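Participant: this is a predicted model, with the sequence first.
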Amino acid sequence: MKVEFPLHFMQKGERGRVVGVRWGEEDVAQRLVAMGFEKGVPFEVVRYDAECGITVRIGDREIPIVPWVAPLIYATEEPPE
């Protein structure tokens, strides 16, 4: 069983997979999906700062996420390779 949790619970260097975006307003959710946060997509946290936000790597792109958006993105942790 995989545990789902908001992205802001992850730390630098951790890897995960997107489970989904949990937000009532469709435009915000669609924007996050357009940025690459689709269900099943693997990512890695490359920077974490509680005040400035989180930067994740999806494929070859680094995407900065502001602090108020990180709790909207749910993930599961990937085991280390």
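Facilitator: Everything's here; your move. Numbers count the residues shown, from 1 in each chain.
Participant: give me the helix or strand of the protein that scores worst on average pLDDT.
Facilitator: Across the helices and strands of the chain, mean confidence by mean pLDDT, DSSP states H and E is lowest for helix 26-34: a mean of 86.
Participant: residues of that one that come out buried?
Facilitator: For helix 26-34, the buried set under the neighbour-count rule, 16 or more other Cβ atoms under 10 Å, comprises 29, 32. The C-beta positions use only the backbone N, C-alpha and C, and glycine is treated the same way.
Participant: and that helix, what does it pack against?
Facilitator: Counting contacts by 3 or more Cβ pairs under 8 Å, 6 or more residues apart in numbering; DSSP states H and E, helix 26-34 packs against strand 15-21.
Participant: circling back to that earlier point, give the buried residues for the next helix or strand after the least confident helix or strand of the chain.
Facilitator: Going down the chain from helix 26-34, the next helix or strand is strand 42-49, by DSSP states H and E. Of the residues in strand 42-49, those with enough neighbours to count as buried (16+ other Cβ under 10 Å) are 43-45, 48.
Participant: ditto for stretch 10-25
Facilitator: Across stretch 10-25, burial judged by 16+ other Cβ under 10 Å covers 10, 14-16, 18-21, 23.
Participant: before we move on, back to that, now what about the least confident helix or strand of the chain, what contacts it?
Facilitator: Residues external to helix 26-34 that are found in contact with it (Cβ atoms under 8 Å, 6 or more residues apart in numbering): 21, 23, 69, 72-73.
Participant: try stretch 43-62
Facilitator: Contacts to stretch 43-62, defined as Cβ under 8 Å, 6+ apart, come from residues 7-8, 10-18, 36-37, 41-42, 63-67, 69-70, 75.
Participant: re earlier: okay if I get the buried residues of stretch 10-25 as JSON lines plus distance to residue 52 and pLDDT?
Facilitator: As requested, the buried residues of stretch 10-25 are exported to JSON lines (distance: Cβ to Cβ, whole Å; pLDDT from 0 to 100):
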{"residue": "10", "distance to residue 52": "15", "pLDDT": "93"}
{"residue": "14", "distance to residue 52": "18", "pLDDT": "95"}
{"residue": "15", "distance to residue 52": "21", "pLDDT": "95"}
{"residue": "16", "distance to residue 52": "20", "pLDDT": "95"}
{"residue": "18", "distance to residue 52": "21", "pLDDT": "96"}
{"residue": "19", "distance to residue 52": "24", "pLDDT": "94"}
{"residue": "20", "distance to residue 52": "24", "pLDDT": "91"}
{"residue": "21", "distance to residue 52": "21", "pLDDT": "90"}
{"residue": "23", "distance to residue 52": "21", "pLDDT": "77"}
